[in-house]
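# I would like to see how this sequence folds:
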Amino acid sequence: MKLTRRRFLQGVGGATLLLPTLESFLPRGVQAQSMVAPHAIFFRQACGVAAAQNTDEIGQEPERFWPNAQGPLSAQTLSGRALDELTDYVDRLLVVGNVNYGDFDFGDGHARGAMQGLTGRPPLVPSAGGDSEAGGESLDHRIGRELNDGGRDSLFLYAGSANGWLGGPCISHRGPGERRAALHSPLSAYQTVAGIGAGENAAALDLLRGRQRSINDLVREQLTGLMGHPRLSGNDRQRLQLHFDSIRDLEGQIACQSDEELMRALDGAESIYESSDGRDVLAVTRLHMDVAVMAVACGYTRSVAIQVGVGNDGNTRYVDPDSGELMENFHYISHRRLSHDSEGAVIAGSDVLHHKVDRQFAQTFKYLLDRLDAFPMFDGQSLLQHGLAVWYNDNANGPAHATYNVPWILAGSAGGFMKQGQFIEVSGGRTPNVGKLHNTIASAVGVRKADGGLLDDFGDPSLSGGVLSELMA
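Residues are numbered from 1 along each chain as shown. Predicted coordinates for the structure are as follows:
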């Protein structure tokens, strides 16, 4: 049996299951580490964070997000900040300060951040506000286009209301003005990775819709043969069993809805996948993260982008963990007012509520890290260490929507390319440098220039080129 990283198993009705890399079938003389392709998973938050600032609405707001000292991260440097939710990974985090976006004329701070966060590009049409379109390709798509088999699109996953400011999904682009469609339903995303296309694999789809089978069941004969193969090592058998168990767990979580809700989701109708309740939105986000981990573990894609909420996340009402009640929508809270602009009444304690939302995003990011870290690779490291998980924001803060010091939190080292366990404020003052960060991340996961050198020209030519060498190991 000849296996490669991207060999498919195919079973009943055309269902397919991608396999993780197996050490037992690596070519002789090939180092295991070199066969583990690095990946990037981008997790986007809107509206900035509750950082130190002076606002007209609240006055002097204390620091509640950034570590309290540059240099090595520890439980002490994160204590009391939203980032202390990630203390378990303190040695594998890279907190990047002083990331600055271009002050392009999008006509709105949220449009400027959402459209530029992964593209580093100005708008196609200046001052278009909610009708803005980005002027270039996004980083997640570039990674997929260059590194995925056959240039397969990277995964773009979305949780929250489908319509709203900037038209819902808005962070991923094929090119200038070419916004990508996102997969809203985790079930649809799962079926995409598993190879069950609408109208093409009716037998497999019917079995899954009836919840009678798992993808594992549909390829049972092939899996049994593989697990019994004489060349398969004990480690590979354990890795495969974990992989198959994870798939069944994911299917079980997706099927935890009522039959009626599940059928509506399968038929593309309204469901909790388009909810404005923050509890639903983050639950769907975690399911998307499960699919993302499966997709990168199997080599389906080297890049995933996960967007939470519309362009300003103005439809989502997150829960106050202290009261158990839903807050005002997140955009109102980020403005500190009962308004999408600067005219409404001040929301008392809205800076604290913003911090509570930041913590929920940090907890959700930790869920992604937990899933990646639970997947062992054959070189003794986890899937987390072989790639980059990136939690980034559209804005630095609210209500100012500042373009400088925008939070970017990285986890993993992409196989040793990136530093870890540090809070580093990159140099350059307030000069726009997000393009350099894009170049660094793309280079870390394997994108290269035509001459084989590190990527140094992603994004708009008006932004500084090169990489951020201070982040590299």
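# longest helix anywhere in the chain?
helix 350-373 (DSSP state H).
# helices or strands next to that one in the packing?
Helices and strands touching helix 350-373, by 3 or more Cβ pairs under 8 Å, 6 or more residues apart in numbering; DSSP states H and E, are strand 40-45, helix 278-297, helix 330-335, strand 388-393, strand 408-411. C-beta coordinates here come from the backbone N, C-alpha and C atoms, glycine included.
# Flag whichever of these has the least confidence on average.
Note on the helices and strands packed on helix 350-373: lowest mean pLDDT is at helix 278-297, with a mean of 89.
# The helix or strand following that one: partners in the sheet, and parallel or antiparallel?
Under the assignment DSSP states H and E, the closest C-terminal helix or strand after helix 278-297 is strand 303-308. Using DSSP bridges, strand 303-308 pairs in its sheet with strand 40-45 (parallel), strand 155-159 (parallel).
# Could you export those strands as a markdown table, including mean neighbour count?
Converted to a markdown table, the strands paired with strand 303-308 look like this (neighbours: other Cβ atoms under 10 Å):
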| stretch | mean neighbour count |
| --- | --- |
| strand 40-45 | 27 |
| strand 155-159 | 27 |
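# The ones you listed: which one's closest to Thr364?
Ranking the strands paired with strand 303-308 by distance to Thr364, with Cβ to Cβ as the measure, places strand 40-45 first at 7.6 Å.
# right, and the helix or strand after the closest one?
Toward the C-terminus, strand 40-45 is succeeded by strand 53-55 as the next helix or strand (DSSP H and E).
# Show me what the helix or strand that that following strand is followed by packs onto, helices and strands only.
Note on strand 53-55: by DSSP H and E, the next helix or strand toward the C-terminus is strand 59-61. Applying 3+ Cβ pairs under 8 Å, 6+ apart, one finds that strand 59-61 makes contact with strand 53-55.
# And the strand it packs on, what's buried?
Buried residues in strand 53-55, defined by neighbour count with 16 or more other Cβ atoms under 10 Å: 53, 55.
# from the chain's centre, how far out does that strand sit?
Its chain's C-alpha centre and that of strand 53-55 lie 29 Å apart, by Cα atoms, centre = their mean, to the nearest Å.
# Equivalent analysis for stretch 101-117, please.
20 Å.
# and what of stretch 157-172?
With Cα atoms, centre = their mean, you get 14 Å for stretch 157-172.
# tell me which residues in it are buried?
For stretch 157-172, by 16+ other Cβ under 10 Å, it's 157-161, 164-166, 168-172.
# do the same with stretch 145-158
145-148, 153-158.
# Which of those residues sits closest to Ala111?
The closest of these to Ala111 turns out to be Tyr158 (Cβ to Cβ; 17.3 Å).
# so how far is Arg237 from Pro230?
Per Cβ to Cβ, to the nearest Å, Pro230 is found 12 Å from Arg237.
# Gln360 against Arg279, yeah?
No - in this structure Gln360 lies outside contact range of Arg279 using Cβ atoms under 8 Å: 9.5 Å.
# So which of the two has more stuff around it?
Set Gln360 next to Arg279 and count neighbours by other Cβ atoms under 10 Å: Gln360 wins out with 19 against 14.
# That one: what's it in contact with?
Applying Cβ atoms under 8 Å, 6 or more residues apart in numbering, we find Gln360 in contact with 278, 282, 318-319, 321.
# can you pull out the helices in the stretch 1-150 of the chain?
Applying DSSP state H, counting those that start in this stretch to the stretch 1-150 of the chain gives helices spanning 75-78, 109-116, 139-147.
# Kindly compare burial across the ones you listed and name the winner.
helix 109-116 (a mean of 28; mean count of other Cβ atoms under 10 Å).
# hmm, who's touching that helix?
Residues outside helix 109-116 that contact it (Cβ under 8 Å, 6+ apart): 44, 46-47, 101-104, 106, 121-123, 128-130, 132-134, 165-166, 170-171, 311-312, 331, 393-395, 400-401, 403, 406, 434.
# do stretch 460-469 as well
Stretch 460-469 is contacted by residues 96, 102, 120-122, 135-136, 426, 428, 431-437, 439-440, 443, 454-457 when judged by Cβ under 8 Å, 6+ apart.
# neighbour-wise, which of the contacts of Gln360 leads?
Of all the contacts of Gln360, Tyr318 has the most neighbours under the rule other Cβ under 10 Å, reaching 25 neighbours.
# How about that one: what's its closest non-neighbour residue?
Closest residue in space to Tyr318, ignoring its immediate chain neighbours: Gly278 at 3.3 Å, by Cβ to Cβ, 6 or more residues apart in numbering.
# Could you measure from the one you found over to Ile272?
Using Cβ to Cβ, we find Gly278 at a distance of 12 Å from Ile272.
# and what of Arg317?
According to Cβ to Cβ, Arg317 stands 14 Å off from Ile272.
# Show the model's pLDDT score for Tyr300.
pLDDT for Tyr300: 84.
# Could you do Phe8 as well?
The model reports Phe8 with a pLDDT of 39.
# what does the one 5 residues further on give?
Model confidence at Gly13, expressed as pLDDT, equals 44.
# returning to what we had before: with distance to Asp88 as added columns, please give the helices and strands packed on helix 350-373 in TSV.
Formatted as TSV, those follow (distance: least, Cβ to Cβ, whole Å):
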stretch	distance to Asp88
strand 40-45	17
helix 278-297	16
helix 330-335	26
strand 388-393	13
strand 408-411	11
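# Kindly state which of these is positioned closest to Gln307.
The closest approach between Gln307 and any of the helices and strands packed on helix 350-373, judged by Cβ to Cβ, belongs to strand 40-45 at 5.0 Å.
# quick one: contacts of the closest one?
If you take Cβ under 8 Å, 6+ apart as the criterion, strand 40-45 is touched by 114, 117-118, 139-140, 143, 171, 289, 292-293, 296, 302-308, 313, 358, 361, 364-365, 368, 372, 387-394, 414, 441, 444-445.
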